[in-house]
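> Below is the sequence, then the predicted model.
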Amino acid sequence: MKIYLIGFMGSGKSSVGKNLATSLGISFFDTDSYIEEYTEKAIPAIFADEGEEGFRHYESNALEQLSGIEAVVATGGGIIEKTRNKDIMDEDGIIVYLHTNFETISQRLQEDKNRPLWNQDLNKRKALYERRLPMYKQFSHYIVETDDKEVEDIIYEIEDVMKFS
Ligand code: S3P
């Protein structure tokens with residue numbers, strides 16, 4: 001069993017993913033942490049040294065390396081920027097989109113400095129969110145609304161949709 005969690009930054013992919021993996025008794029991976037361990041660099045440093053394109057390259061490699069492993073994988077918010085990533089995930093498991101409103105995300109992240117693409121002005125953040133919304137929908141097999149929900153409720157919903165897959 002393989003479950004990929006996709007969604008915008010701050011949509012709760014990592015916390016939902018860790019708890020879901022525990023509940024299912026399988027491993028948990030986070031592509032961002034995987035890349036940081038592999039490169040021995042923090043994400044802002046990768047963006048600064050190698051640009052977004054460099055980071056996206058590591059991201060696709062991480063997906064490839066994790067394919068075939070039974071796990072829950074929390075992906076970075078930009079995983080939808082490469083169609084190749086859809087092919088890798090599609091062939092390997094179930095893709096669940098955690099949808100969260102922009103206002104909720106803004107409250108959660110506030111002035112977070114560890115996410116280079118959040119660390120820009122409000123109009124650009126909002127434009128990125130709007131541009132990506134249809135992409136998450138297009139990538140995913142299931143959409144789970146996360147606003148005003150506890151992690152436990154979100155996990156319950158994911159486990160429920162998985163019964164039908
Ligand atoms: C990114 C999201 C981040 C991280 C990187 C780029 C994006 O992950 O991969 O900063 O393009 O949205 P989270 O979604 O876990 O914050």
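Received, thanks. None of these values were measured; they are calculated from a predicted model.
> use CA for all of it now, contacts and neighbours both
OK.
> so who does the nearest residue to residue 13 once chain neighbours are set aside touch?
Using CA to CA, 6 or more residues apart in numbering and skipping the chain neighbours, the partner closest in space to residue 13 is residue 74 (5.3 Å). The neighbours of residue 74, taking CA atoms under 8 Å, 6 or more residues apart in numbering as the test, are 4-6, 13-14, 17, 28-31.
> what do you get if the cut-off is 7 Å, keeping everything else the same?
4-6, 13-14, 17, 29-31 (CA atoms under 7 Å, 6 or more residues apart in numbering).
> Quick check: bridge partners of it?
residue 5, residue 30 (DSSP bridges).
> re earlier: neighbour-wise, which of the contacts of residue 74 leads?
residue 6 (28 neighbours; other CA atoms under 10 Å).
> Please tell me how far the residue lying closest to that residue once chain neighbours are set aside sits from residue 36.
Excluding the flanking residues, the one nearest residue 6 by CA to CA, 6+ apart is residue 97, at 4.8 Å. Counting by CA to CA, to the nearest Å, the gap from residue 97 to residue 36 is 23 Å.
> quick one: which of the two has more around it?
residue 97 (25 against 15).
> Not counting sequence-adjacent ones, nearest residue to residue 58?
residue 35 (6.4 Å).
> Return the distance of residue 162 relative to the ligand.
With distances taken as CA to the nearest ligand atom, to the nearest Å, residue 162 is found 23 Å from the ligand.
> again with residue 50
13 Å.
> The residue nearest to residue 6 - that's part of a strand, no?
Yes: per DSSP: H, G, I helix; E, B strand; the rest coil, residue 97 lies within a strand segment.
> Show me which residues of the chain are close to the ligand?
8-10, 32, 76-78, 115-117 (CA under 6 Å from any ligand atom).
> Can I get the buried part of those residues as one PyMOL selection?
A single PyMOL command is used to select the members of the residues of the chain next to the ligand judged buried by 16 or more other CA atoms under 10 Å:
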select buried, resi 8+9+10+32+76+77+78+115+117
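> Which other helices and strands does the longest helix that the chain contains contact?
Longest helix in the chain, counting residues (DSSP state H): helix 43-66. Where contact means 3 or more CA pairs under 7 Å, 6 or more residues apart in numbering; DSSP states H and E, helix 43-66 is packed against helix 31-39.
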